[in-house]
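Engineer: here is a sequence with its predicted model. Questions after.
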Amino acid sequence: MNNPNKVALFWLTTAAGAVLFVTFQLFFYVNDFVRAQGTTPAITFEPGVLWMFSAFYGCWIVTVLIALIGTRTSQWVVLVLGSLLVVLNTLGGIADGLRDGWYLAFSAIFFITLPGVFAIAVTWRHINSKGNNHVYQ
């Protein structure tokens with residue numbers, strides 16, 4: 001497999017993990033809301049906050065698209081942006097897990113951090129390669 005495609009695939013997997021985490025988080029909240037028969041406070045967001053959520057999670061797709069470019073500069077951008085997204089999503093997931101339950105923290109680590117570490121390692125390895133893509137390391 002071509003190295004830029006491999007890097008992009010790892011970042012796409014991490015982005016899918018972030019989407020899975022948010023989906024599970026919403027399911028857990030709705031489940032708790034139904035179990036409490038509507039006595040928990042409903043979460044409402046202003047339009048500006050909702051816009052920021054979509055922009056934040058849209059950065060995952062931007063990371064994948066930049067990884068497909070495959071130049072050295074684009075790989076550095078992917079490494080910095082992707083690492084920042086992994087750290088921020090992991091910290092947010094752990095904070096939500098401390099508030100709402102250990103299963104959310106575990107989900108953040110399993111779905112975001114684990115594939116993110118692999119994506120960071122593959123990107124770093126691609127940046128440090130000497131250009132011999134035909135030689136297996």
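Structural biologist: Perfect, thanks for sending it.
Engineer: okay, now Leu79: neighbour count?
Structural biologist: For Leu79, the neighbour count with other Cβ atoms under 10 Å is 20. All C-beta atoms are positioned from the backbone trio N, CA, C, and that covers glycine.
Engineer: pLDDT wise, what is it at?
Structural biologist: Leu79 carries a pLDDT score of 97 in this model.
Engineer: touching, it and Thr123? I think so.
Structural biologist: Yes: checked against Cβ atoms under 8 Å, the pair Leu79 and Thr123 is within contact range at 4.7 Å.
Engineer: Ala108 touches Gly92, doesn't it?
Structural biologist: Yes: Ala108 is within contact range of Gly92, at 7.4 Å (criterion: Cβ under 8 Å).
Engineer: mind listing the helices for the protein?
Structural biologist: 3-35, 47-69, 72-100, 102-108, 114-128 (DSSP state H).
Engineer: buried stuff in the shortest one?
Structural biologist: Right, helix 102-108. Leu104, Ala105, Ser107, Ala108 (16 or more other Cβ atoms under 10 Å).
Engineer: okay, the residues you listed in a markdown table with distance to Leu88 next?
Structural biologist: A markdown table is the format used below for the buried residues of helix 102-108 (distance: Cβ to Cβ, whole Å):
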| residue | distance to Leu88 |
| --- | --- |
| Leu104 | 15 |
| Ala105 | 15 |
| Ser107 | 16 |
| Ala108 | 11 |
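Engineer: good, we can wrap up now.
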